[in-house]
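> build me a structure from this.
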Amino acid sequence: MTIARAWMLTGLAALAAAPQRAWAAAHLAAGDAAPEFTAPATLAGKAFTFSLRHAAARDGMVLLYFFPKAFTPD
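Residues are numbered from 1 along each chain as shown. Reported below is the predicted structural model:
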């Protein structure tokens, strides 16, 4: 697994764990910058705190993508 893919999966997990009302507050239009956030995460079995600011500073940009109802109960 590449580092970029691992970061993307970590971002997806963080977004999936966010409360529903946070989605309304974080509604973005095309071209808007994502709000800064941190979230607990794991990579290769090691726990760490994911920081959007640090990921963007290291990699230049971060892709956050949301899959509606991905792996969630009905």
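
> next SSE after the helix or strand bottoming out on mean pLDDT in the chain?
Least confident helix or strand, the chain: helix 20-25 with a mean of 52, by mean pLDDT, DSSP states H and E. Per DSSP states H and E, the first helix or strand lying C-terminal to helix 20-25 is strand 38-43.

> quick check: buried residues in that next one?
Neighbour counts using 16 or more other CB atoms under 10 Å place residue 41 of strand 38-43 among the buried residues. C-betas here are computed from N, CA, C, even on glycine.

> equivalent analysis for stretch 47-57, please.
50, 52, 55.

> okay, those in JSON lines with secondary structure, distance to residue 42 and pLDDT next?
Shown next, in JSON lines, are these (DSSP: H, G, I helix; E, B strand; the rest coil; distance: CB to CB, whole Å; pLDDT from 0 to 100):
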{"residue": "50", "secondary structure": "strand", "distance to residue 42": "10", "pLDDT": "87"}
{"residue": "52", "secondary structure": "helix", "distance to residue 42": "17", "pLDDT": "87"}
{"residue": "55", "secondary structure": "helix", "distance to residue 42": "15", "pLDDT": "86"}
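
> name the nearest of the residues you listed relative to residue 41.
Distance to residue 41 across these (CB to CB) is lowest for residue 50, with 4.2 Å.

> from what I can see that closest one touches residue 8, true?
No. The pair residue 50 / residue 8 is not scored as a contact, 11.1 Å apart, by CB atoms under 8 Å.

> how about low-confidence regions in this structure?
Scanning the chain for pLDDT under 70 picks out the ranges 1, 12, 14-26, 64-74.

> coming back round to it: which among the buried residues of stretch 47-57 gets closest to residue 34?
For the buried residues of stretch 47-57, the residue nearest residue 34 by CB to CB is residue 52; the value is 6.4 Å.

> so the closest one touches residue 62, yeah?
Yes. Using CB under 8 Å, residue 52 is in contact with residue 62, at 6.3 Å.
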